[in-house]
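Student: Got a sequence here, can you build the structure:
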Amino acid sequence: MIKGITALIMAAGTAAVMASPLGLPEVPVPAGNPQSAAKVELGKQLFFDKRLSADGTVSCASCHQPARAFTDGRPTAVGIEGQIGPRNAPTVLNAAYYTSLFHDGRADSLESQALGPLLNPIEHGLKDYQPILTLLRNDPDYRRLFQAAFGEMPEKAKPDHIGKAIASYERTLVCGNTPFDRYLYGGDKSALSKSAQRGLRIFRRKGNCANCHEIGLNHALFTDNRFYNLGVGFDRIKPKFSDFVRVYKQSVAGGASDPAAVYEARDRSELGRFLVTGDVADIGKFRTPTLRNVSLTGPYMHDGSQRTLEDVVEYYNQGGEKNPFLDPGIYPLHLSKQEKTDLINFLRALTNPSCSFSQGVFPRSGN
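Tutor: Sure, this is the predicted structure:
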């Protein structure tokens, strides 16, 4: 059984919350999927089981490895048969706080997100959920875990149960209490170096970082859960963009054409949030990621195009890549060499080295 799972605390209203470490709010838990140790254990087993893929080579943990802070260290994810996906595998740490999942926000909950990769032809590659349901119904360990988690016979297992179990496990992957948290929320003014303290001021002011990577009075998610065009990846869609615009206008005028179809799958991915909303204003927009544990989760950006934190800071310092949809909050920062160093030292202070990434166990409070 997973260690460190705290007692559930009932909040006002219909949902529950779980206790959290310094610097983070209580973890929201949907009313339709209350936490339990048994459900978390089932979700953990599913998360690490490669039988949840078409060729038995890929599990959720293949792209979200505990030893790599639940990322895979690659620019973009690799699925069954060595297929390379178009987007970077984001960390699952603190994903419980996202209001939408995937880089483009196409899933509205951890439960729905957990099911998505299973049927993705590049990722797990299953045609349907039947192989997993058969596993839950026939494997003795899974039968036991399913009954304990849901109080039902495994023969009644549905895809919904799969998503709920994996989401319950992912809600335990919460990590805070970083040097930054101890400095700002714990009152320990020695927790940050002088350079990191200067970096915090740059982060909030000249760097314009905190506008999207929010820091609150009592906690910091380091994300506003919104979507922005930073210019990343726009060069991929630029050559055919006039064709895209032409087909888009036809579709608006009543045609049935899909404007995104002018691109191959890899390039189409760069349309970002547009693929979800169909709103031309969302072209190239991607969700603001959390910066917690950011020193461990590179490469960065939705396409993994920025290898190091130094690369990321320089990208923003240059004002991103110009395109017609670039967010107005992205502009040249004119940071000095020392200011860049200070900002990077602050970003590195957003990691808690006491979190036992190799075991997938995360402290709730204290250390």
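Student: Quick check: the gap between the residue lying closest to D267 once chain neighbours are set aside and R273.
Tutor: Counting by CB to CB, 6 or more residues apart in numbering, R236 is the residue found nearest to D267 once chain neighbours are left out, at 4.7 Å. In short, each C-beta sits where N, CA and C put it, glycine included. Distance of R236 to R273, given as CB to CB, to the nearest Å: 16 Å.
Student: Go ahead and confirm L309 touches V294.
Tutor: Yes: contact criterion CB atoms under 8 Å: L309 and V294 qualify, at 6.9 Å.
Student: Just the pLDDT at the residue sitting nearest the centre point of the chain, thanks.
Tutor: In the chain, the centroid-proximal residue (CA atoms, centre = their mean) is P90; its distance is 4.4 Å. Per-residue pLDDT puts P90 at 96.
Student: Same question for stretch 203-219: list its buried residues.
Tutor: 203, 207-210, 212-215, 219 (16 or more other CB atoms under 10 Å).
Student: before we move on, what about stretch 274-283?
Tutor: Applying 16+ other CB under 10 Å to stretch 274-283 flags 274-277, 280, 282-283 as buried.
Student: if we can go back for a sec, next, show the common contact partners of L309 and V294.
Tutor: 300, 347-348 (CB atoms under 8 Å, 6 or more residues apart in numbering).
Student: Can you tell me which of those residues has the most neighbours?
Tutor: Counting neighbours by other CB atoms under 10 Å, the top entry in the shared contacts of L309 and V294 is L347, with 23 neighbours.
Student: Tell me the spacing between P159 and L230.
Tutor: 35 Å.
Student: Repeat that for L184.
Tutor: With CB to CB as the criterion, L184 and L230 are 26 Å apart.
Student: same check, this time on A165
Tutor: As for A165, its distance to L230 is 35 Å (criterion: CB to CB).
Student: which one of the two has more residues nearby?
Tutor: A165 (29 against 24).
Student: before we move on, the earlier item: just put the shared contacts of L309 and V294 in TSV and tack on pLDDT, secondary structure and distance to N120.
Tutor: Formatted as TSV, these follow (pLDDT from 0 to 100; DSSP: H, G, I helix; E, B strand; the rest coil; distance: CB to CB, whole Å):
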residue	pLDDT	secondary structure	distance to N120
Y300	98	strand	22
L347	98	helix	31
R348	98	helix	33
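Student: Give the burial count for L119, as a bare number.
Tutor: Using other CB under 10 Å, L119 has 15 other residues around it.
Student: I'd assumed D128 was in contact with it.
Tutor: Yes: counting by CB under 8 Å, L119 touches D128, with 7.1 Å between them.
Student: any weak-confidence spans in the protein?
Tutor: 1-16, 356-367 (pLDDT under 70).
Student: Can you give me the domain assignment for it?
Tutor: 8-170, 179-229+288-348, 234-283 (automatic domain parsing).
Student: can you list these in CSV and add distance to C355?
Tutor: Output for these, formatted as CSV (distance: least, CB to CB, whole Å):
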stretch, distance to C355
domain 8-170, 8
domain 179-229+288-348, 8
domain 234-283, 30
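Student: Which one of these lies nearest to S354?
Tutor: S354 lies closest to domain 8-170 among those, at 9.9 Å (CB to CB).
Student: close enough to count as contact, N208 and L333?
Tutor: Yes: in this structure, N208 is within contact of L333 by CB under 8 Å, at 7.0 Å.
Student: Surely F146 touches P154?
Tutor: Yes: using CB under 8 Å, F146 is in contact with P154, at 4.6 Å.
Student: quick one: which of the two has more around it?
Tutor: Comparing F146 with P154 by neighbour count (other CB under 10 Å), the higher total belongs to F146, at 26 against 20.
Student: what helix or strand is the more buried one on?
Tutor: Taking DSSP states H and E as the criterion, F146 maps to helix 140-150.
Student: so the helix or strand following that helix versus helix 140-150, what angle?
Tutor: Scanning forward in sequence from helix 140-150 by DSSP H and E, the next helix or strand is helix 159-170. Angle of helix 159-170 versus helix 140-150, following axes from the mean of the first three to the mean of the last three CA atoms, to 10 degrees, is 80 degrees.
Student: How far does the helix or strand following helix 159-170 sit from its chain's centre?
Tutor: Sequence-wise, the next helix or strand downstream of helix 159-170 (DSSP H and E) is helix 179-184. Centroid separation between helix 179-184 and its chain, computed with CA atoms, centre = their mean, to the nearest Å, is 23 Å.
Student: Following element in sequence after helix 179-184, please.
Tutor: helix 194-204.
Student: ok, back up a step: my read: the residue nearest to D267 touches E270, true?
Tutor: Yes: R236 lies in contact with E270 (CB under 8 Å); the separation is 4.7 Å.
Student: Overlap in contacts, the two.
Tutor: With CB under 8 Å, 6+ apart as the test, R236 and E270 reach no residue in common.
Student: And those two? Which one has more around it.
Tutor: E270 (23 against 19).
Student: Could you measure from the nearest residue to A281 once chain neighbours are set aside over to M301?
Tutor: For A281, ignoring the flanking residues on the chain, the nearest one in space by CB to CB, 6+ apart is F325 at 7.4 Å. Going from F325 to M301 by CB to CB gives 16 Å.
Student: before we move on, what about P34?
Tutor: 36 Å.
Student: Just want to know which of the two has more residues nearby.
Tutor: Using other CB under 10 Å as the criterion, P34 and M301 rank with M301 on top: 20 against 14.
Student: Pull the contacting residues for that one.
Tutor: By CB under 8 Å, 6+ apart, the contact list for M301 reads 88, 230, 232-233, 312.
Student: coming back round to it: restricted to helices, list the buried residues of stretch 274-283.
Tutor: Within the buried residues of stretch 274-283, residues falling in helices by DSSP state H are 274-277.
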